[in-house]
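# Structure of the sequence below:
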Amino acid sequence: MEPITTPDLSARPNNLQVERLMENAPDVLYRAWTENFDQWFAAPGTLIMKPEVNSAFFFETVFKPDGQSEAQRHPHYGRFLRLVPDQLIELTWLTGAGGTKGAETVLTIKLEPRHTGTLLNLSHKGFPDEESKNGHEEAWKMILELLDRKMMENR
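Got it, this is the predicted structure:
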């Protein structure tokens with residue numbers, strides 16, 4: 001199935017790429033990105049997601065930054081653009097201030113089997129500025145580590 005529309009990123013050339021060798025198999029990581037965000041990233045009870053092209057999703061993350069007294073809530077919205085089971089996930093990724101600043105970005109995750117694990121290549125395109133791109137580049141490294149650890153724990 002083809003997406004009904006894809007974002008025009010031509011005016012937003014701020015992109016990043018992160019690669020990580022994961023301990024989990026491609027099928028585990030595919031399900032984590034398409035069905036099980038609440039097992040590793042989304043706040044419990046906030047996930048609305050169906051692994052279908054053109055299907056919209058929503059979830060929140062909640063965390064308390066160092067030096068702040070209250071936790072902050074961060075809504076995430078998007079829709080699936082391409083899905084190839086155990087190989088490829090492409091979705092739009094939209095967050096507010098401190099994230100994509102309301103810009104609809106495109107996240108592509110490629111999964112390649114490697115021995116007993118997976119080589120995960122994450123590409124995130126269309127940031128509104130360098131600040132947003134740089135923040136996500138650092139965050140994705142930590143998030144991918146969290147993903148791998150949480151999925152190992154859930155085995």
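# hmm, who's touching stretch 71-91?
The contact list for stretch 71-91, computed with Cβ atoms under 8 Å, 6 or more residues apart in numbering, reads 3, 6, 26-27, 30, 33-34, 42-43, 51-65, 92-96, 98-99, 104, 106-112. Where C-beta positions appear, they are placed from N, C-alpha and C, glycine not excepted.
# same thing with stretch 122-132?
So stretch 122-132 is in contact with 7, 9, 12, 14-20, 93, 99-110, 133, 136, 140, 144, going by Cβ under 8 Å, 6+ apart.
# In PyMOL, how would I select just the buried ones from these?
In PyMOL, a selection of the buried entries from these looks like this (16 or more other Cβ atoms under 10 Å):
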select buried, resi 7+9+12+14+16+18+20+93+99+100+103+104+105+106+107+108+109+110+133+136+140+144
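# Mind checking which of the contacts of stretch 122-132 are in strands?
Secondary structure from DSSP state E places 14-20, 93, 105-110 of these in strands.
# can you pull the buried residues of the one helix or strand His124 maps to?
According to DSSP states H and E, His124 maps onto strand 117-127. Under the neighbour-count criterion of 16+ other Cβ under 10 Å, strand 117-127 has Gly117, Thr118, Leu120, Leu122, His124, Lys125, Gly126, Phe127 buried.
# quick check: angle from the lengthiest helix in the chain to strand 117-127?
Secondary structure of the chain read by DSSP state H shows that its longest helix is helix 130-153. Per axes from the mean of the first three to the mean of the last three Cα atoms, to 10 degrees, the angle that helix 130-153 makes with strand 117-127 is 160 degrees.
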